[in-house]
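# Sequence isn't available, so here's the structure alone:
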Ligand SMILES: Nc1ncnc2c1ncn2[C@@H]1O[C@H](COP(=O)(O)OP(=O)(O)OP(=O)(O)O)[C@@H](O)[C@H]1O
Ligand SMILES: Nc1ncnc2c1ncn2[C@@H]1O[C@H](COP(=O)(O)OP(=O)(O)OP(=O)(O)O)[C@@H](O)[C@H]1O
Ligand SMILES: [Mg+2]
Ligand SMILES: [Mg+2]
């Protein structure tokens, strides 16, 4: 089997409720796919399917990677292990001897900004962001060839976020890592991904696909910004996020609004539409 | 006691480790204070002190509000109660009869975008974003006069985020709600807050304070953007987030970089500095 | 014949076993076997384990006669060889004036072991006296004689049906410090053996317990004969020297005191009677039991194979 | 009402999933049969004989009154122990001091051989139901207490904070916060206590009482009637299995429903 | 090693926090004294007399050998039950089928009065230690099994997914994932089993043994020597308290250290 993740016509239902339909996705080694979409559209479900935590009900999923690692939406650290031991969990499972394992865990922990004190504490004594960094470190420590990440940076401040973006890109360059990541931050997705998939809800499906030609490490801020802005102009994307596309006549740059920072223009942005019926209060 | 939260010289230590020092803060009814700062600097600790979950060790904290509500960083829903019952928890504690309580819980739940199906499910069957919305609804259902929120919108997509921003502002206008919120999204803070406090770590302290004069509901996108950009120029803020302020000569707008979308200019932005020693990998 | 390697005697902590203990202690059977040992049994479960055939663990075992019949009827290979205990049942009472069964009418009587032989004997006698055991007495069943004794001493009850050596132990206890300070004296009241004779118009004795032969002994009439002699001698020795017998037994059995055993030996009604001679009395006794509680003897009267008869 | 409904609707699905249980009971019977063949009927009669004897006891009407008496005593003692043990255990779990103070008493209760109580119980309760009920209570109370105590102390501190913040009154704290969590600790304790109660009541009757299964057992034991002895024991165990599978399990399934769905959702 | 160190370092802090426990034991003594005054020395001798008798037994050297024998039997049976119950319970908890199959057997074990086993045990083990050890095992095994089973089944599904994803081998699953969670269920079970083991071994010796505390108890009981009877029982209970507080509790504190800190951090 080639080192790639190949999904064709994948569907999933919880009991009688279909949450995913007809998903197609290719993820070869060394590439990054970012998944964006409204809350509850089935992103996590798709990720869990890729991780083998849910059985495939419909369609096919072929995972040719040898050493996948998953970072869940919640940190899911083992509360009875110190942060260092938590990070070393995957290594222990591989049979790495204690000394080496803890040294490597410590190094990875420090690389995501956890100091010695934090590494020695139990998870409950860590702040939210520190917990999610520990979870990220646990995944990275494995030196995986496929990294599945569910909103990995959402609990982090802007400084840490950009540091970890760099870390991830370096890691990817060094190890040829394939990454499937879920994020709510469009700009983050555009910055890191080679392929960007936009999902819509009910049932969860892919409605838009963007391929980014420039390699992520050489992608400039301007390009990131422009791509994001273009993305927000796309009707399918607006519809998926329940945003009203502004009338093209009114606004030169076009695109739906919300993240209004797409220029210095103070064009009047339409208020986002109500996504669900009965949206009141 | 007046309906206000007044904090003076507040400090806190876990065991021997000081995490908060000399915090001063005033939050009168109807106002919003946003707290931003690097991960692990003590924001959640401060919020828990305000919520009365930690005993005050140093300084004074006076809370004159009658009905505070807290939204934690993690959803913390009771796993054995359906979403609707979870939202109604605070109402049940107040002795609201079952019928009315569930009706009100349903209404609030729908207002944050949870449909009937989700309201009837147990929390584990909700997606991450749905859980955090349920936690928000639980706090809002109480019709509190003080709302303490820890990263309330970080698990939500752009569309929902802006919807809930509007919801919060409406709620505040209608009930004169005081809000203390923690966020990692500077723009969100600038959009919603009347006062913005920037914290730095080790020990956690307030290093910068911004008062926003325009009421939040009338704050335009342009203003939000400009204030955010100005904020990122401030050396204390840059230092707190571990960002290198770009040399003023090179860049017209100045300010440290990271969120590079502060204009169409594609000025070369310096890479963020490493915040901790030993940052490697 | 060659000497046996091991000879095992067994019995409960009651009068039937005292001679067995003396036999082991005095080396009466030294010429028959290398080692002779005594193994006590305390409850029906232990008895069952000792009694399973095929194992050949026990050779002579002391037990109540009805239990022997019961085991025999259930297919255990054993034969009754003698009866030595002819009366150990007494009513113990706080009231000196009660002389006959009729005097106990309307009184609460503690009765250990429901539906066991003493209970059935009591009921039979009551019936013969024209009384309904259920209506004319208030029988309170308790688990063990110990519980009955404890209730007596604690003055929670005034009358109890007990057997030796429990009777003697209880009487001794109530006269000795510190018990007597609180509990007034107890009296050996009605002798059930006397009542048996009076009401059933027979000899004043009940064939209550004896020895059964099992295992290797069954096939060895000479061994049985030898045992019978030794047993009869030891029984006589005990009767003649209650004090010495008491000391001997109490040394082996922690639960009994020398005085209690001695009293018991003085009081009980012993006589060595080979099984075939006791057969009529036994059959009468079994018939009485069968009439009320067939399960006590295993449902039917044992056939002739049950009674050991020496070859003339 | 909800419990009753759950009980009724739960049964069919439950029976279906009970095949494993039935299979293993048959395995047990087979082992019994084997042991009986080895040891002979005096020591261990075979299941056929025993169940025939039991059927005889039931037919003759001898079984029901004794079983009813014993069941009444076991149920009373158990109910008292469950009520007192669950409540006191949870209260002790909430307060650190109460927990420190109650623990050694529980150990004393647990470790004292019943012999020590029996005389006192006979004095206090005489020949009434009191003695076996008291014995059952003493035997079951600490088991349940310890479970409730531990369950209360292991509640997630985060949820406790939610309760503080939303100002739950004590009643709600007990019933909406602690109980649903503690139930998962109480259930093994209840199952243990249920089994224990039957065993203990039989033993107590055996030692002290004139009626009930234990007394019947004592009689058949002294008659060396092994088949009847085992028939009585079989009656006890069958009653116990019935109670557990028709009553306790469906209740458990209902109360822990949220947990089951979680597992299924997570691993399906 | 870590356990041993934890045991040693835990003691001083532990003793300090033990005042509440000691206070409640004194309350118990007071109640005993009161009851003794009401019922008289014959039924319930006062604590002073009993402890004097116990001191006499200890001085005369009569107590230690019996206690040692009994302790050996209780410890053996308990160790076997803990090993088998914890392991099998956890395995049954991991597999749904195993859990379905084992539950009724456990109920049968729990609910069968020891009378039913005793004959078989005597037959298999004779007069050796076997019978009491077996009885203890039978009494303690189901308690521990049920605790382990329930503990395993209540592990957070999320953490189980982590184990799947990080491909933990079975050994790690047991020791790094399940055991630390299950321990919180096992501890009440272990405490219960510890108490039960002492009680049961004494009762078994009382019925079937020539030595040990139970046999001594039988003797003093047959002499109607209430003071000695209670002295033996006091000896058993004191030993039990010692074992529990010097051994089990410190171990528990160590193993559940992460939980304690959590509570303190959360509520301090
Ligand atoms: N275990 C489950 N049982 C039943 N329904 C579930 C379960 N898990 C998720 N769902 C439902 O499936 C849908 C998709 O959930 P999923 O967690 O995949 O969303 P998501 O895209 O990750 O959302 P978010 O961005 O909020 O995390 C939701 O409507 C949710 O209610
Ligand atoms: N219960 C605790 N015991 C000991 N230390 C703690 C505890 N809770 C938090 N800390 C420490 O206090 C510091 C501040 O934590 P806090 O949760 O307040 O950070 P935060 O600002 O909310 O961070 P984040 O943005 O990552 O949520 C951290 O270094 C953390 O390790
Ligand atoms: Mg998700
Ligand atoms: Mg925080």
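The structure has been received and is ready for your questions. Note that this is a predicted model, so its numbers are computed, not measured. Ligands and ions are numbered 1, 2, ... in the order given.
# all helices for chain D, in order.
Taking DSSP state H as the criterion, chain D carries its helices at D:2-16, D:19-39, D:47-59, D:63-94, D:96-111, D:115-125, D:130-153, D:157-165, D:170-172, D:179-208, D:213-222, D:226-243, D:249-255, D:257-267.
# Just give me the residue right at the centre of chain D.
residue D:194 (0.4 Å; C-alpha atoms, centre = their mean).
# Look at that residue and report its pLDDT.
Looking at residue D:194, its pLDDT is 90.
# now stretch C:84-92, how far from the centre of its chain.
Distance of stretch C:84-92 from the chain centroid (C-alpha atoms, centre = their mean, to the nearest Å) equals 7 Å.
# pLDDT below threshold where in the stretch 151-281 of chain A?
In the predicted model of the stretch 151-281 of chain A, residues A:245-281 satisfy pLDDT under 70.
# residues touching the residue nearest to the centre of chain D, list them.
Taking C-beta atoms under 8 Å, 6 or more residues apart in numbering or on different chains, we find residue D:194 in contact with D:78, D:240, D:243-244, D:248, E:110-111. For the C-beta atoms, the positions are set from N, CA and C on the backbone; glycine is no exception.
# Can you say which of those residues are buried?
D:78, D:240, D:243-244, E:110-111 (16 or more other C-beta atoms under 10 Å in any protein chain shown).
# separation between the residue in the stretch 151-300 of chain C positioned nearest to ligand 1 and residue C:77?
Residue nearest to ligand 1 within the stretch 151-300 of chain C: residue C:295 (61.7 Å; C-beta to the nearest ligand atom). According to C-beta to C-beta, to the nearest Å, residue C:295 and residue C:77 sit 21 Å apart.
# any weak-confidence spans in the stretch 1-150 of chain C?
Those would be C:1-2, C:53-56, if you go by pLDDT under 70 across the stretch 1-150 of chain C.
# Relative to chain B, which residue of it is the closest?
As assessed by C-beta to the nearest C-beta, chain B sits closest to residue C:143 within the stretch 1-150 of chain C, at 46.6 Å.
# where exactly do the strands run in the stretch 151-281 of chain A?
Listed in chain order, the strands of the stretch 151-281 of chain A (DSSP state E, counting those that start in this stretch) span A:178-182, A:195-200, A:205-211.
# Buried deepest among these, which one?
strand A:178-182 (a mean of 25; mean count of other C-beta atoms under 10 Å in any protein chain shown).
# Report all helices and strands that it contacts.
Judged by 3 or more C-beta pairs under 8 Å, 6 or more residues apart in numbering or on different chains; DSSP states H and E, strand A:178-182 is in contact with strand A:4-14, strand A:17-28, strand A:32-36, helix A:43-50, strand A:146-150, helix A:186-192.
# Residue C:16 is nearest to which of these?
Nearest to residue C:16 among the helices and strands packed on strand A:178-182 is strand A:4-14 (77.0 Å), distances taken as C-beta to C-beta.
# Buried residues, that closest one. List them.
A:4-7, A:10-12, A:14.
# Now it: average pLDDT?
What strand A:4-14 shows for mean pLDDT is 91.
# in its sheet, what does it sit against?
Here strand A:4-14 is paired, per DSSP bridges, with strand A:17-28 (antiparallel), strand A:58-63 (antiparallel).
# just the ones you listed: most buried one?
That would be strand A:17-28, which, of those, has the most neighbours on average (mean count of other C-beta under 10 Å), namely a mean of 18.
# contacting residues around the residue nearest to residue D:176 when sequence neighbours are not counted?
Sequence neighbours aside, residue D:168 is the residue nearest to residue D:176 in space, at 6.7 Å (criterion: C-beta to C-beta, 6 or more residues apart in numbering or on different chains). Neighbouring residues of residue D:168 by C-beta under 8 Å, 6+ apart: B:89, B:93, D:176-177.
# biggest separation within those residues, which pair?
Distance extremes for the contacts of residue D:168: the farthest pair is B:93 and D:177 at 10.5 Å, using C-beta to C-beta.
# ok, those two, which is more surrounded?
Legend: neighbour count by other C-beta atoms under 10 Å in any protein chain shown for residue B:93 and residue D:177, higher for residue D:177 (23 against 18).
# Give me the neighbour count for the nearest residue to that one once chain neighbours are set aside.
Nearest residue to residue D:177, sequence neighbours excluded (C-beta to C-beta, 6+ apart): residue D:163, at 4.9 Å. Residue D:163: 19 surrounding residues under other C-beta under 10 Å.
# Would you confirm that residue D:163 contacts residue D:174?
No. Assessed by C-beta atoms under 8 Å, residue D:163 is found out of contact with residue D:174, at 10.4 Å.
# burial count for residue 163?
Reading this off chain A. By the criterion of other C-beta under 10 Å, residue A:163 has 27 neighbours.
# that's the wrong chain, I meant chain C
Counted with other C-beta under 10 Å, residues neighbouring residue C:163 total 24.
# show me the contacts for the spatially closest residue to it that is not a sequence neighbour.
Excluding the flanking residues, the one nearest residue C:163 by C-beta to C-beta, 6+ apart is residue C:88, at 4.4 Å. Contact analysis of residue C:88 by C-beta under 8 Å, 6+ apart lists C:14-15, C:163-164, C:167, C:208-209, C:268-269.
# Just want the phi and psi numbers for residue 155.
No chain was given, so I picked chain A. For residue A:155, the backbone dihedrals (degrees, to the nearest 10) come out as phi -100, psi 10.
# Sorry, I should have been clearer: chain D.
The phi/psi pair for residue D:155 (degrees, to the nearest 10) reads phi -60, psi 140.
# Distance of the residue lying closest to it once chain neighbours are set aside relative to chain C?
Using C-beta to C-beta, 6+ apart and skipping residues adjacent in sequence, the residue nearest residue D:155 is residue D:181, 4.9 Å away. Residue D:181 sits 43 Å away from chain C, going by C-beta to the nearest C-beta, to the nearest Å.
# List the contacts of residue D:181.
Taking C-beta under 8 Å, 6+ apart, we find residue D:181 in contact with B:80, D:151, D:154-156, D:159.
# Near chain E, which residues of chain A are found?
A:48, A:51-53, A:68-70, A:72, A:74, A:76, A:78-81, A:89-90, A:92-93, A:122, A:124-125, A:138, A:142 (C-beta under 8 Å from any C-beta of the partner chain).
# Keep those, but drop any that are not near ligand 2.
Contacts with ligand 2 within those, counted by C-beta under 6 Å from any ligand atom: A:124-125.
# Whatever helix or strand residue A:106 lives in near chain B at all?
Following DSSP states H and E, the helix or strand that holds residue A:106 is helix A:98-111. Yes. Part of helix A:98-111 sits near chain B under the criterion C-beta under 8 Å from any C-beta, namely A:107-108, A:110-111.
# so can I have JSON lines of the strands paired with strand A:4-14 showing distance to ligand 4 and mean pLDDT?
JSON lines is the format used below for the strands paired with strand A:4-14 (distance: least, C-beta to the ion, whole Å; pLDDT from 0 to 100):
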{"stretch": "strand A:17-28", "distance to ligand 4": "30", "mean pLDDT": "90"}
{"stretch": "strand A:58-63", "distance to ligand 4": "35", "mean pLDDT": "91"}
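# Dump these into JSON lines; add distance to residue D:69 as well.
Listed next are those as JSON lines, based on distance: least, C-beta to C-beta, whole Å:
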{"stretch": "strand A:17-28", "distance to residue D:69": "53"}
{"stretch": "strand A:58-63", "distance to residue D:69": "60"}
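# you'd agree residue D:146 is up against residue D:89?
Yes. Judged on C-beta under 8 Å, residue D:146 makes contact with residue D:89 at a distance of 7.0 Å.
# picking up where we left off before, give me the secondary structure label for the residue of the stretch 151-300 of chain C closest to ligand 1.
Secondary structure for residue C:295, judged by DSSP: H, G, I helix; E, B strand; the rest coil, is helix.
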